[in-house]
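**Q** Got a sequence here, can you model it:
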Amino acid sequence: MATATPSPPGTAAAPSRAARPAEPRRTGRLHRSNLIAYLMLAPLMVLLAIFVIVPFFQAASLSFFDFSFYLPSTFIGFDNYRNVLSDPIFTQSIVRGLLFMVLVVPVGLVLAFVFASVVKGMGRRLASFVKTSIYLPTIVSGVIASIVFILIFDYYGGILNWFLGLLVSPFRDFEPIPWLGDPATALPSLAVPAVWIGFGVTALIMLAGMLDIPDSYYESASLDGATWWQQTVHITIPMLKNVLIYLLIAGCTGAIQQFELPLIMTGGGPLNSTMMPNLYIFQHFTQDQRQGQPLAAALMLFVVLGLVSALIFRFINSEKTQEG
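**A** This next block holds a predicted model:
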């Protein structure tokens, strides 16, 4: 006859696995947490549906009509898209937007990276002053910034031509440069205020990413004899990959959609050399009797922005940062 083995003194018998009442409580708490999260997200989802999702699908449906606010609309299928794609001004505006992106984004990222690297090594008080100062262009209205740079690029009394005249005049006669009046220089001239306006936010985000990198990585690299350049290439840039992806997508999509600068500084000229996609859509939407074509152009621009974002994700994969 088998006898039960007594438990050692001072120890309690282990509870049976079958009797675990904590699981229903845990499930109930999880459901309550999910319910609270859904309730907190509900206002945002309602606003997103009202101002983004519903207008998007409505615009997509109206792009297949000969649509007007004042005249009866008729269904015309893909005619609006064919008209947009056959318009050389629109296709050139897309190419020009991509070129503007190439002029603005790399320069802005490099300048922001250099600035963030310098500020990271500063003292706390000086760094706070510099960060506040560099953020000021961001809060300046795009209209005000456009007017300021119009005065800088002015042909006769502009500060830039005046300064170049001081440098060149001792050697040869200086002819003022029509920065905003020459198709060859108009678009690069718009890139300068675009970099200036976006520099503050880009630099601060870059600096926040650098400060989030553990100092132990740099200390270990210094002990191994790594130079500043080696630490930057093998530690800073890889650890900033997620930040760089965000800045690339935000910078590229923002540059292609630039609207205020070409509208105020050049009006799309000279000879449509600064006609950006959003300015093209705006002019056709406000000047044409039928608004189906600008709606189709807006959706085509949406596709271009999606392709640009997808290419960035394709070539730069985000990774989860692991601290050692």
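**Q** Give the helix, strand or coil label for the residue positioned nearest the centre of the chain.
**A** Nearest residue to the geometric centre of the chain (CA atoms, centre = their mean): Ala250, 1.1 Å. At Ala250 the chain is in helix, as set by DSSP: H, G, I helix; E, B strand; the rest coil.
**Q** Show me which helix runs longest in the protein.
**A** Taking DSSP state H as the criterion, the chain has its longest helix at helix 88-120.
**Q** the helices in the stretch 51-200 of the chain, which residues?
**A** For the stretch 51-200 of the chain, the helices defined by DSSP state H, counting those that start in this stretch cover 54-62, 79-86, 88-120, 124-139, 142-152, 159-168, 183-211.
**Q** returning to that earlier point: quick check: mean pLDDT across the longest helix of the chain?
**A** On average, the pLDDT along helix 88-120 is 94.
**Q** tell me which strands and helices it is in contact with?
**A** When contacts are defined as 3 or more CB pairs under 8 Å, 6 or more residues apart in numbering; DSSP states H and E, helix 88-120 packs onto helix 124-139, helix 183-211, helix 241-256, helix 277-287, helix 292-315. C-beta coordinates here come from the backbone N, C-alpha and C atoms, glycine included.
**Q** any chance of the ones you listed in TSV, plus distance to Leu62 and mean pLDDT?
**A** Output for the helices and strands packed on helix 88-120, formatted as TSV (distance: least, CB to CB, whole Å; pLDDT from 0 to 100):
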stretch	distance to Leu62	mean pLDDT
helix 124-139	35	82
helix 183-211	31	93
helix 241-256	23	93
helix 277-287	12	92
helix 292-315	6	91
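**Q** Of all these, which one is nearest Phe75?
**A** The closest of the helices and strands packed on helix 88-120 to Phe75 is helix 292-315. By CB to CB, the value is 10.1 Å.
**Q** packing partners for the closest one?
**A** Partner elements for helix 292-315 (3+ CB pairs under 8 Å, 6+ apart): helix 54-62, helix 79-86, helix 88-120, helix 241-256, helix 277-287.
**Q** that older thread, now the helices and strands packed on helix 88-120 in a markdown table, with distance to Ser63?
**A** Listed next are the helices and strands packed on helix 88-120 as a markdown table, based on distance: least, CB to CB, whole Å:
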| stretch | distance to Ser63 |
| --- | --- |
| helix 124-139 | 34 |
| helix 183-211 | 29 |
| helix 241-256 | 20 |
| helix 277-287 | 12 |
| helix 292-315 | 4 |
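**Q** Of all these, which one is nearest Arg29?
**A** Across these, closest to Arg29 is helix 241-256 (CB to CB), at 31.5 Å.
**Q** Report the angle between that closest one and helix 88-120.
**A** 140 degrees (axes from the mean of the first three to the mean of the last three CA atoms, to 10 degrees).
**Q** Please identify the buried residues of helix 241-256?
**A** Residues of helix 241-256 classed as buried by neighbour count (16 or more other CB atoms under 10 Å): 243-245, 247-256.
**Q** Return the member of the residues you listed nearest to Leu98.
**A** Checking these one by one against Leu98 (CB to CB), the nearest turns out to be Ile256, at 6.7 Å.
**Q** pretty sure the closest one contacts Arg96?
**A** No. In this structure Ile256 lies outside contact range of Arg96 using CB atoms under 8 Å: 9.3 Å.
**Q** which neighbours do these two share?
**A** Met276 (CB atoms under 8 Å, 6 or more residues apart in numbering).
**Q** what's the distance between Ile213 and Val102?
**A** Distance from Ile213 to Val102, counting by CB to CB, to the nearest Å: 29 Å.
**Q** So for these two, which sits in the more crowded spot?
**A** With neighbours defined as other CB atoms under 10 Å, Ile213 and Val102 compare such that Ile213 has more, 17 against 12.
**Q** before we move on, what SS does the more buried one have?
**A** Ile213 - assigned by three-state DSSP - is coil.
**Q** so what's it scoring on pLDDT?
**A** pLDDT, Ile213: 90.
**Q** how about it, what does it touch?
**A** Contacts for Ile213 were tallied using CB under 8 Å, 6+ apart; they are Ile235, Thr236, Met239, Leu240.
**Q** how about a cut-off of 7 Å?
**A** Shown in contact with Ile213 (CB atoms under 7 Å, 6 or more residues apart in numbering): Ile235, Thr236, Met239.
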